[in-house]
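Student: Sequence and predicted structure, then a few things I'm wondering about:
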Amino acid sequence: MADWHAPSAEPPVVQVAGVSKSFGERRVLQDVSLQVPRGRVVGLLGRNGAGKTTLMKSLLGTSTVDSGTVEVFGAAPGPELAHRVGVAMDGIGFYPAATVHKELTIWARALGVPASRIADVIDLVELSGHERQRCARLSTGQKQRLRLATALLVPTVELLMLDEPANGLDPDGIRWVRRFIREMAASGKTVLVSSHQLGEMENTVDDVLLLDRGRIVHSGSLHEFTAGGQFPLEERFFEVVGGMTS
Ligand SMILES: Nc1ncnc2c1ncn2[C@@H]1O[C@H](COP(=O)(O)OP(=O)(O)OP(=O)(O)O)[C@@H](O)[C@H]1O
């Protein structure tokens, strides 16, 4: 098990230092510092409203920060990251009348990816046979997989940012997402995944970033956080962030 704090020859894929962000009076990120090491599956955990999505958006450059620095692959986030970072954000909709193939064609064009890649990603997310199905008719699980397919369209993607990829899924779907994430990691990709499903994250991630009311309250390997699996992740989560306060 890699030690989170051990010095590594490889620079981290993501490096955030002293980032704060407010919406009006509301401080959403407070002095957040973190690293995402290359090749790891890192779980970004926290309650509703903890700031997970805002943090992910700041890594993508779609949300600015008020102070601090964000580096992804050693540079400030910008459009050029599109060839190295694949993104599946929760709640991103599809054209209801478009078919799976059409939807991916739209994304492929936007990303400058040849149409020949579409069949590959459909295969990767196991949507074969659904190419002609309209997005509006897809099940929740199929929609999640279509989101993952868009994240994989650019074949050179090295970092996947997945926002709640198992949201709304049944146990089979959750297991599928877990297997998918582990396969992506086995193929050399780094994965940053946000989730509320602590039991599932316990079976999926290598490292834990725990965000509570905009602050990172724990970062380290899952092994260390759960004392080698002695304590369930959920128990440790509540120990660190406390019970419900509001
Ligand atoms: N564009 C915005 N304008 C104003 N407030 C915002 C905006 N985006 C997020 N917020 C607020 O920032 C806080 C953090 O939101 P964020 O979506 O980052 O949390 P989260 O941890 O991803 O939550 P969830 O698990 O519910 O998705 C919330 O209080 C939210 O209402």
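Tutor: Arrived safely, thanks for sending.
Student: Do a quick rundown of the strands in this structure.
Tutor: Secondary structure of the chain (DSSP state E): strands located at 14-23, 26-36, 41-45, 67-72, 85-88, 159-163, 190-195, 207-212, 215-221.
Student: Can I get those strands in TSV including mean neighbour count?
Tutor: (Each C-beta comes from the backbone N, C-alpha and C, glycine too.) Below are these laid out as TSV (neighbours: other CB atoms under 10 Å):
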stretch	mean neighbour count
strand 14-23	17
strand 26-36	18
strand 41-45	26
strand 67-72	16
strand 85-88	24
strand 159-163	23
strand 190-195	24
strand 207-212	23
strand 215-221	17
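Student: Output the ones you listed in CSV; the columns should cover mean pLDDT.
Tutor: Conversion of the strands of the chain to CSV gives the following (pLDDT from 0 to 100):
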stretch, mean pLDDT
strand 14-23, 96
strand 26-36, 96
strand 41-45, 96
strand 67-72, 97
strand 85-88, 94
strand 159-163, 96
strand 190-195, 95
strand 207-212, 95
strand 215-221, 94
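Student: Would you format the ones you listed as TSV with distance to the ligand included?
Tutor: TSV is the format used below for those (distance: least, CB to the nearest ligand atom, whole Å):
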stretch	distance to the ligand
strand 14-23	3
strand 26-36	4
strand 41-45	8
strand 67-72	15
strand 85-88	14
strand 159-163	7
strand 190-195	7
strand 207-212	7
strand 215-221	12
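Student: so where is this protein shaky, pLDDT-wise?
Tutor: Confidence mapping of the chain against pLDDT under 70 gives the ranges 1-9, 243-246.
Student: please redo it, this time with the cut-off set to 80
Tutor: For the chain, residues meeting the criterion pLDDT under 80 lie at 1-10, 90-93, 243-246.
Student: Can you tell me which residue is spatially central in it?
Tutor: With distances taken as CA atoms, centre = their mean, residue 162 lies nearest the centre of the chain, 2.5 Å away.
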